[in-house]
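Colleague: Pasted the sequence and its predicted model underneath.
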Amino acid sequence: MQTRIISWDKTDGYDPEELREAVEILRSGGLVAFPTETVYGLGCDGTDEKAAKKVYEAKGRPGDNPLILHIAEREELDPLVKEIPPAAEKLIETFWPGPMTLVFRKSDAVPKTVTGGLGTVAVRMPAHAGARELIRAAGIPVAAPSANASGKPSPTECADVVEDLDGRIDMIIDGGEVGIGYESTILDMTGLRPVILRPGFITREMIEEVIGTPGDEAIPDSPSLAEDQAPKAPGMKYRHYAPKAELTVVRGDESEAVVKIDELARQFPPDKVGILTCDERMDRYEYGVVLSIGSEKDNTLGHNLYHSLREFDHRGVTRIYAETFFGSEQEDALMNRLMKAAGGQVVDLANYTRVVFVCKENVTISPMAEWIMKSIVMDKSIEICSRGLVVLFSEPINQKTIDLLNSHGVPCEEQSSRLLREEDIDENTLVITMSFTEKVKVVEAFGLTEHIYTLKEFVGLEDDVLDPYGGDEAAYEALYLELKDLLYKMKKRLGWQ
Ligand code: TXA
Ligand code: MG
C-alpha cells in the first residue's frame with residue numbers, strides 16, 4: 001500500500017481537495033493518521049468494526065486494548081454513551097476541546113471491536129484545529145489510538161508516523177510538531193468517583209478544582225489490576241512508550257543525580273550512552289548523547305520526551321540514564337511515561353528507611369503529618385515518626401488533631417510530644433520540617449548538611465505549611481488537606497509503596 005501524505009497548516013489549513021480525499025478514506029473504512037494537540041492519532045471510522053480491526057493490525061496492537069473515539073462537537077457525544085454523569089458535564093464544559101479523555105458506559109452504537117470488548121467507551125474532543133476540522137468533515141466519530149507501532153513511543157511529528165506506519169496505512173496528515181507531546185489525561189467516569197486511568201497535561205489538581213473534593217473524596221490513583229482482566233487503564237498490561245535502548249531512571253536530589261548520571265554514563269562509549277535531562281540542565285553534562293524532554297518554563301516540560309526517546313534510537317544509543325522530573329505541574333504524567341519507558345528500572349540515590357517530621361512543639365502539625373504518612377505508606381519497613389524542637393515537658397497530641405484525623409478515617413494512637421535528639425537521626429533518616437525557620441534550627445543544632453528539607457521544599461514548592469494555631473476548625477481542616485496533598489507528593493518522590 002502506498003501511503004499518501006498531505007498537510008495541514010496553522011495558517012493555511014487544508015487544501016479542500018486533499019481534505020475531501022482524507023474524509024473519503026475514513027468513510028470508506030480506510031486509515032488516516034492525523035495530528036492532535038497531544039500526539040498523532042491513527043484514525044478510522046469508529047462505527048466500523050472492519051476499519052477498527054485494520055487499526056489494530058497496522059499498529060500490531062493487541063485486540064483487547066481499546067481505542068478512543070474522537071468527536072468534533074459536544075452533541076456528538078450523546079449517541080455514543082448511555083449516560084453522562086453531572087461531574088462529567090462539568091469537566092466537558094471546562095476541558096473540551098482539549099487533552100482530556102472521558103470513559104462512559106457505551107451505547108449500542110459503538111461496536112465492541114472499538115472498545116476491546118468492554119462495555120465502556122473512551123471519548124475525547126481534541127483541541128487541534130486540523131483534527132477537529134477533519135472529524136467534523138467526516139461526520140463520524142473517529143476512533144484513534146496513537147499513530148505509533150505498538151510498544152514504541154507515541155509520534156509527535158509526521159516523520160515518526162512515517163517511520164512506524166509507512167506502507168501500512170492510507171494517508172498521513174502532516175501538521176508539523178504537536179503542542180503537548182504526550183497523550184491525554186484519561187478519566188473513568190463510570191464509577192462512584194472519577195478515577196484517573198492515565199495522568200496527562202490536565203492534572204489531578206485541575207480536575208479537583210472543577211469537580212471538588214470534599215474531605216477524603218480525592219480522586220484515587222488507578223486501581224491495580226489482575227493479569228487476566230481486560231486492561232482498565234492503559235499500559236497496565238502492555239509495555240508502552242519504550243525506546244530500543246535500556247533506560248534507567250536515576251532518582252534523587254537534582255545535583256546529586258547529575259553527578260551520578262555522569263558517573264554511570266562514563267562506563268560506556270560516549271556515542272552509545274544517552275542522558276535525558278531538561279533544557280535548563282543540558283549544559284551540566286559533558287559526556288554522552290545529551291537530550292532534553294523540554295523546558296521547565298511554560299508547562300512545556302515533556303514536549304520533547306518521546307521525540308528524544310526516538311532520537312536516542314536513531315543515534316544507536318544502547319543505554320539511557322534519565323533524571324526525574326518532579327516539581328512541574330505535569331509531574332504525574334511525565335514520571336508515569338518515563339517509568340513506563342524504563343520498565344520500572346530505577347537507581348535510588350538516597351535509601352531512606354526512616355522519616356522524622358519536625359515542628360516546634362510536636363503536638364499538632366508534625367504528629368498530623370506522621371499519622372497521615374503512616375496511613376498512606378504501605379511499606380511497613382519504613383519507620384515514620386515525629387519530634388519537636390521545643391518540648392520542655394511532654395504533652396499529649398492536641399485533641400482537635402486527633403478528632404480531625406479520626407473524622408477522616410486516619411488511625412491515630414495516643415502519644416506524647418518528644419524532643420528531637422541526635423539519636424533520632426542516622427544516615428538513612430530523612431528529616432522534614434514544616435517551616436524554613438525550623439529547618440535552620442535543626443541544621444544549626446545538629447550540624448546537618450543533607451537529608452534535611454522543609455516539606456514543601458522536598459516536593460519542589462516554596463513557603464511553610466499552614467499553621468492553624470489559634471484558628472478554628474476550618475484552619476485545622478485546611479492544614480489536613482494541605483498535608484495530605486504534600487505527603488502524597490513526597491511519597492511519590494521517594495518511590496515508596
Ligand atoms: O492523546 C491521546 O489520547 C491520543 C490522541 C491520538 O488522541 N490517543 C491515545 O490513544 O493515546 P491510545 O490508544 O494510544 O491510548 C488510549 C488508551 C488505551 O491505552 C486504552 O487502554 C484507553 O485509552 N482506553 C480506551 N478505551 C477505554 C475504556 N473504555 N476504558 C478504559 N480505558 C480505555
Ligand atoms: Mg498509544
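Modeller: Received the coordinates, thanks. Ligands and ions are numbered 1, 2, ... in the order given.
Colleague: what residues does the protein put near ligand 1?
Modeller: 36, 38-39, 41, 65-68, 101, 103, 115, 118, 120-122, 124, 126, 144-146, 183-184, 186, 197, 231-232, 234 (Cβ under 6 Å from any ligand atom). Where C-beta positions appear, they are placed from N, C-alpha and C, glycine not excepted.
Colleague: what distance separates the strand or helix carrying residue 491 from the centre of its chain?
Modeller: Using DSSP states H and E, residue 491 falls within helix 473-494. Computed by Cα atoms, centre = their mean, to the nearest Å, the separation of helix 473-494 from the middle of its chain amounts to 19 Å.
Colleague: and it, what does it pack onto?
Modeller: Judged by 3 or more Cβ pairs under 8 Å, 6 or more residues apart in numbering; DSSP states H and E, helix 473-494 is in contact with helix 331-341, helix 365-376, helix 399-407, helix 455-458.
Colleague: please redo it, this time with the cut-off set to 10 Å
Modeller: Packing partners of helix 473-494 (3 or more Cβ pairs under 10 Å, 6 or more residues apart in numbering; DSSP states H and E): helix 204-211, helix 331-341, strand 354-359, helix 365-376, helix 399-407, strand 429-433, helix 455-458.
Colleague: right, and these - which one's nearest residue 300?
Modeller: Nearest of these to residue 300, taken as Cβ to Cβ: helix 331-341 at 11.4 Å.
Colleague: Now the helix or strand following the closest one: average pLDDT?
Modeller: Going down the chain from helix 331-341, the next helix or strand is strand 346-348, by DSSP H and E. Across strand 346-348, pLDDT averages out at 91.
Colleague: Mind listing the strands strand 346-348 pairs with, and their directions?
Modeller: strand 246-251 (parallel) (DSSP bridges).
Colleague: Pull the distance from the strand it pairs with to the chain's centre.
Modeller: Relative to the centre of its chain, strand 246-251 is centred 17 Å away, using Cα atoms, centre = their mean.
Colleague: Stretch 433-450 too?
Modeller: 32 Å.
Colleague: ok, now stretch 431-439?
Modeller: 28 Å.
Colleague: for stretch 77-91, same thing?
Modeller: 24 Å.
Colleague: How about stretch 299-315?
Modeller: With Cα atoms, centre = their mean, you get 16 Å for stretch 299-315.
Colleague: got the buried residues for that stretch?
Modeller: For stretch 299-315, the neighbour count (16 or more other Cβ atoms under 10 Å) marks 300-310, 312-313 as buried.
Colleague: how long is it from one end to the other?
Modeller: 28 Å (Cα to Cα, to the nearest Å).
Colleague: average pLDDT for it?
Modeller: 95.
Colleague: what helix or strand is residue 88 on?
Modeller: Here residue 88 is assigned to helix 86-95, by DSSP H and E.
Colleague: now residue 103
Modeller: Judged by DSSP H and E, residue 103 forms part of strand 100-105.
Colleague: how far off helix 86-95 does that strand point, in degrees?
Modeller: 160 degrees (axes from the mean of the first three to the mean of the last three Cα atoms, to 10 degrees).
Colleague: How about the contacts made by the spatially most central residue of the chain?
Modeller: In the chain, the centroid-proximal residue (Cα atoms, centre = their mean) is residue 333; its distance is 1.8 Å. Applying Cβ atoms under 10 Å, 6 or more residues apart in numbering, we find residue 333 in contact with 99, 180, 182-185, 196, 198-203, 301-302, 305, 325.
Colleague: do you know how far it is from ligand 1?
Modeller: 11 Å (Cβ to the nearest ligand atom, to the nearest Å).
Colleague: my read: residue 33 touches residue 41, true?
Modeller: Yes: using Cβ atoms under 10 Å, residue 33 is in contact with residue 41, at 6.9 Å.
Colleague: Pull up the overlap in contacts between those two.
Modeller: 144, 146, 147, 155, 161, 173.
Colleague: Would you format those residues as JSON lines with distance to residue 242 included?
Modeller: Below are these laid out as JSON lines (distance: Cβ to Cβ, whole Å):
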{"residue": "144", "distance to residue 242": "21"}
{"residue": "146", "distance to residue 242": "13"}
{"residue": "147", "distance to residue 242": "16"}
{"residue": "155", "distance to residue 242": "14"}
{"residue": "161", "distance to residue 242": "18"}
{"residue": "173", "distance to residue 242": "26"}
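Colleague: ok, and for stretch 6-15, which residues are buried?
Modeller: Going by 16+ other Cβ under 10 Å, stretch 6-15 has these buried residues: 6, 7, 8, 14.
Colleague: Where does pLDDT dip in the protein?
Modeller: 213-240 (pLDDT under 70).
Colleague: what about the helices in it?
Modeller: With DSSP state H as the criterion, the chain has helices at 16-27, 49-59, 86-95, 129-138, 158-165, 204-211, 254-265, 305-314, 331-341, 365-376, 399-407, 436-446, 455-458, 473-494.
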